[in-house]
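In: Following is a predicted model, sequence given first.
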Amino acid sequence: MSSPILPHVIRVITSQRVRDLRRRRAEKRRVRNRQPHRVTVYLRINDPYSYVLLQVLESLAERYPLQYDFRTVLNLQPDMYPAPAMWERNAFQDGAYLAALYGLEFPAARPATTSVRDAQLTAQLLHWELQPGYLGKALALFGAYWQDDSVGLQALLDPRVSGNVECYQHHLRANENLLKANGHYLSGMLQYGGEWYWGLDRLEHLERRLNEMGLARGGARVEFDRGYRDFCRLGNPGEIADAQRAIPIVIYFSIRSPYSYLGLVRVRQLAIHYRIPLVVKPVLPMVMRRMQVPRTKSSYITADVKREADKFGIDFGCIADPLGRGVERCYALYDFAQAAGRGQEFLESYARGVWAEGIRSDTDAGLRQLVERVGLDWQQTRGLLQADGWRVWAQENLAELYSHGLWGVPSFNYGELNVFGQDRLDCIERAIVAGSSGAI
C-alpha cells in the first residue's frame with residue numbers, strides 16, 4: 001500500500017519554491033567560486049537532436065553571457081532505451097520537424113555511415129574538446145556528417161586522430177560516465193546550475209531562467225516556444241472540413257505515465273476545440289510489462305513534467321504512484337466508465353488524482369473519490385474491480401501502438417500521422433488545419 005505521507009513530500013520537493021531555492025544556492029556557489037555562467041552540453045554525432053541543438057548555440061551565447069563546456073558522447077545506456085531502433089527512426093523524423101520549425105539545416109534522408117566512421121568522428125570531436133573553437137569546428141563536422149558530405153568530412157578529419165580512435169576511449173568513457181553520474185541518459189542535453197534541458201524542446205525553460213536572472217542582452221525574450229505557443233489557435237474550428245472532422249485523434253495512454261496525464265489533458269482540449277472525436281487506448285506501464293525503468297530516468301521525468309505542467313497551467317506534484325493495484329483498478333473500471341459515456345473524464349480524473357492530488361487509488365476510499373466525482377456509482381463499480389478482461393485490450397492496444405512504429409506513451413495517431421510525446425501535439429493540430437492527415 002502506498003504511503004499517505006509520500007505524496008506531500010514529493011509535492012514539496014517538486015514545488016517552485018524549492019526549485020527557486022536550489023537555483024539561488026547554485027547562483028551563490030557560482031559567484032562565490034568566481035565561475036562564469038557555464039552550460040555543459042552533451043553531443044552525439046549520430047543524434048538528430050544534437051545536430052539541431054548545435055545550430056542554435058552560437059546565437060544563444062550572443063543573447064546571454066554563456067560559456068559552453070562540450071562533452072562528446074557516443075554509446076547509449078541500453079537500459080534507458082527499450083526500443084532503440086524505433087527511437088532512432090522517430091528521432092530522425094523529430095529532427096526534421098524541429099529543423100523546419102526553427103529554420104535550421106536538416107537532411108532529407110539519414111546519412112550513410114558505419115560504426116567505425118562514427119567512432120572516428122567522435123574521436124575528432126573529443127580531440128577538439130580540449131582546444132578553443134570547438135563550437136565552430138563541431139558545426140562544420142556535424143554539418144558535413146548530416147549532409148552526407150564525404151569530401152567535407154575527409155577534409156575535417158585529422159588522420160593522426162581518426163587513425164588512433166582507441167587513444168580517445170578513456171576520454172569518451174569519462175564523458176559518458178559524467179552524463180550518467182549527473183543523472184541523465186540522453187544526448188542533445190544541456191546542464192546549467194543543477195538542471196537539465198533537453199534540446200530545442202526545453203531551451204525555453206533555460207531562456208526563462210536566464211531572463212529572470214537579468215542576463216538577457218538586447219531585451220528578454222523567449223524564442224524556443226514555437227511548438228506550443230499557438231496551441232488551439234492555428235485554425236478556425238468552423239472551417240475544418242467534415243472529412244477532417246470525421247478522423248479521430250487516438251492517444252495511446254498509460255495511467256502510470258505523467259507525460260500521458262499532460263497529453264490527455266491537452267489532447268482533450270485540442271479535440272474539443274476542433275470538434276474532433278478522441279479515442280483513448282490505455283496500455284500497461286513498462287514496469288508491469290516486466291521492463292525496467294531506471295531510477296535516474298524516473299527522477300528526471302518527474303522534474304521535467306513538473307515544469308511542463310506549470311507551463312500549461314496543469315496541476316502536478318502531489319503524487320501517489322498508481323503502479324500495480326492502482327493501475328489495475330483504473331483499467332478494470334474503464335469499460336464501465338466508457339459505457340456510461342464518461343471514459344475520458346474518468347481517466348483524466350484518475351490521472352489528476354494520482355499525479356496532482358495525492359489520492360491513493362489502491363485504497364477504496366481513494367478510488368471511491370475518483371469514481372464518484374465523475375458521476376459514476378461506487379456500488380456498481382465495486383463489483384467490477386476483480387475483472388481482468390481489460391488485460392486483453394491493453395495488450396492489443398500495445399500491439400497497435402507498435403504497428404504505428406512507436407513504442408512509448410503518450411503517442412498520438414491522426415489518420416496517417418503518428419507522433420510520440422505530448423510535445424508533438426502541435427503536429428496533430430497542424431495536420432487538422434492543413435486538411436491532410438499526413439502533413440506536419
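Out: All right, it came through fine. Residues are numbered from 1 along each chain as shown.
In: Let me see the contact set for the residue nearest in space to the middle of the chain.
Out: Against the mean C-alpha coordinate of the chain, by Cα atoms, centre = their mean, the closest residue is Gly421 at 6.1 Å. If a contact means Cβ atoms under 8 Å, 6 or more residues apart in numbering, then Gly421 has 259, 263, 408, 410-411 as its contacts. In this view, the C-beta of every residue, glycine as well, is placed from N, C-alpha and C.
In: which residues in this structure form strands?
Out: Using DSSP state E, the strands of the chain run over residues 37-43, 66-72, 189-192, 195-198, 249-253, 278-282, 411-414, 417-420.
In: which one of those strands lies closest to Tyr134?
Out: Nearest to Tyr134, of all these, is strand 66-72, at 5.0 Å by Cβ to Cβ.
In: on contacts alone, who are the packing partners of the closest one?
Out: Packing partners of strand 66-72 (3 or more Cβ pairs under 8 Å, 6 or more residues apart in numbering; DSSP states H and E): strand 37-43, helix 48-63, helix 115-129, helix 134-146, helix 169-181.
In: Go through that strand and flag the buried ones.
Out: Of the residues in strand 66-72, 66, 68, 70-72 count as buried by neighbour count, 16 or more other Cβ atoms under 10 Å.
In: same thing with stretch 6-18?
Out: 7, 10-11, 14.
In: Repeat that for stretch 181-199.
Out: Within stretch 181-199, the residues that count as buried by 16+ other Cβ under 10 Å are 184-193, 195-199.
In: for those residues, which one is nearest Leu60?
Out: Leu190 (9.3 Å).
In: how much space between the closest one and Ile272?
Out: Distance of Leu190 to Ile272, given as Cβ to Cβ, to the nearest Å: 35 Å.
In: can I get the strands of the chain in a markdown table with mean pLDDT and distance to Trp146?
Out: Formatted as a markdown table, the strands of the chain follow (pLDDT from 0 to 100; distance: least, Cβ to Cβ, whole Å):
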| stretch | mean pLDDT | distance to Trp146 |
| --- | --- | --- |
| strand 37-43 | 98 | 12 |
| strand 66-72 | 98 | 16 |
| strand 189-192 | 98 | 19 |
| strand 195-198 | 97 | 19 |
| strand 249-253 | 98 | 30 |
| strand 278-282 | 98 | 35 |
| strand 411-414 | 98 | 26 |
| strand 417-420 | 97 | 21 |
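In: Same list as before, these that is, but in a markdown table and with distance to Ala100 included.
Out: A markdown table is the format used below for those (distance: least, Cβ to Cβ, whole Å):
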| stretch | distance to Ala100 |
| --- | --- |
| strand 37-43 | 21 |
| strand 66-72 | 25 |
| strand 189-192 | 22 |
| strand 195-198 | 19 |
| strand 249-253 | 22 |
| strand 278-282 | 26 |
| strand 411-414 | 18 |
| strand 417-420 | 14 |
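In: Arg268: which of the ones you listed is closest?
Out: Closest to Arg268 of those is strand 278-282 (Cβ to Cβ; 6.3 Å).
In: Name the residues of stretch 89-101 that are buried.
Out: Buried residues in stretch 89-101 (16+ other Cβ under 10 Å): 90-99, 101.
In: same thing with stretch 74-94?
Out: For stretch 74-94, by 16+ other Cβ under 10 Å, it's 74, 76-77, 80, 86-87, 90-94.
In: Ok, stretch 354-365 next?
Out: 354-363.
In: Filter those down to the ones in helices?
Out: Of the positions in those, 354-356 sit in helices, assigned by DSSP state H.
In: for those residues, which one is nearest Ile319?
Out: Nearest to Ile319, judged by Cβ to Cβ, of those is Trp355 at 5.8 Å.
In: does that closest one really touch Tyr261, like I thought?
Out: Yes. Counting by Cβ atoms under 8 Å, Tyr261 is a contact partner of Trp355 at 4.8 Å.
In: Next, show the common contact partners of these two.
Out: Jointly contacting Trp355 and Tyr261 under the rule Cβ under 8 Å, 6+ apart are Phe316.
In: that older thread, tabulate the buried residues of stretch 74-94 in CSV, adding columns for distance to Leu284 and pLDDT.
Out: Compiled in CSV, those are given as follows (distance: Cβ to Cβ, whole Å; pLDDT from 0 to 100):
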residue, distance to Leu284, pLDDT
Leu74, 33, 98
Leu76, 24, 87
Gln77, 23, 86
Met80, 19, 81
Met86, 18, 95
Trp87, 20, 94
Asn90, 21, 96
Ala91, 25, 97
Phe92, 28, 98
Gln93, 26, 97
Asp94, 25, 97
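In: Next, format the residues you listed as TSV and append distance to Val250.
Out: Below are these laid out as TSV (distance: Cβ to Cβ, whole Å):
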residue	distance to Val250
Leu74	36
Leu76	29
Gln77	31
Met80	26
Met86	18
Trp87	21
Asn90	17
Ala91	22
Phe92	23
Gln93	18
Asp94	19
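In: from those, which single one is nearest Ser254?
Out: Using Cβ to Cβ, Met86 comes nearest to Ser254 of those, at 16.5 Å.
In: List the residues that contact the residue lying closest to that closest one once chain neighbours are set aside.
Out: Of all residues not flanking Met86 in the chain, Trp407 sits nearest, at 4.7 Å (Cβ to Cβ, 6 or more residues apart in numbering). Trp407 makes contacts with 82-83, 86-87, 401, 420, as judged by Cβ under 8 Å, 6+ apart.
In: neighbours of the closest residue to Glu308 other than its chain neighbours, just the number please.
Out: Leaving aside its chain neighbours, Glu308 sits nearest to Leu262 (6.1 Å; criterion: Cβ to Cβ, 6+ apart). Neighbour count of Leu262, defined by other Cβ atoms under 10 Å: 24.
In: what's the answer for Gln35, then?
Out: Using other Cβ under 10 Å, Gln35 has 10 other residues around it.
In: ok, now which ones touch it?
Out: Counting by Cβ under 8 Å, 6+ apart, Gln35 has no contacts.
In: Need the pLDDT of it.
Out: Note on Gln35: pLDDT of 98.
In: check contacts around the closest residue to Ser299 other than its chain neighbours.
Out: Using Cβ to Cβ, 6+ apart and skipping residues adjacent in sequence, the residue nearest Ser299 is Gly183, 6.4 Å away. With contact taken as Cβ under 8 Å, 6+ apart, Gly183 is in contact with 196, 296, 299-300.
In: which one of the contacts of Gly421 sits closest to Arg34?
Out: Within those, the smallest distance to Arg34 is 39.2 Å, found for Tyr259 (Cβ to Cβ).
In: ok, so what distance separates the closest one from Leu284?
Out: Tyr259 sits 16 Å away from Leu284, taking Cβ to Cβ as the criterion.
In: Would you mind putting the ones in helices among the buried residues of stretch 354-365 into JSON lines with pLDDT and distance to Pro111 alongside?
Out: Formatted as JSON lines, those follow (pLDDT from 0 to 100; distance: Cβ to Cβ, whole Å):
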{"residue": "Val354", "pLDDT": "98", "distance to Pro111": "43"}
{"residue": "Trp355", "pLDDT": "98", "distance to Pro111": "40"}
{"residue": "Ala356", "pLDDT": "98", "distance to Pro111": "44"}
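In: Great, nothing more from me.
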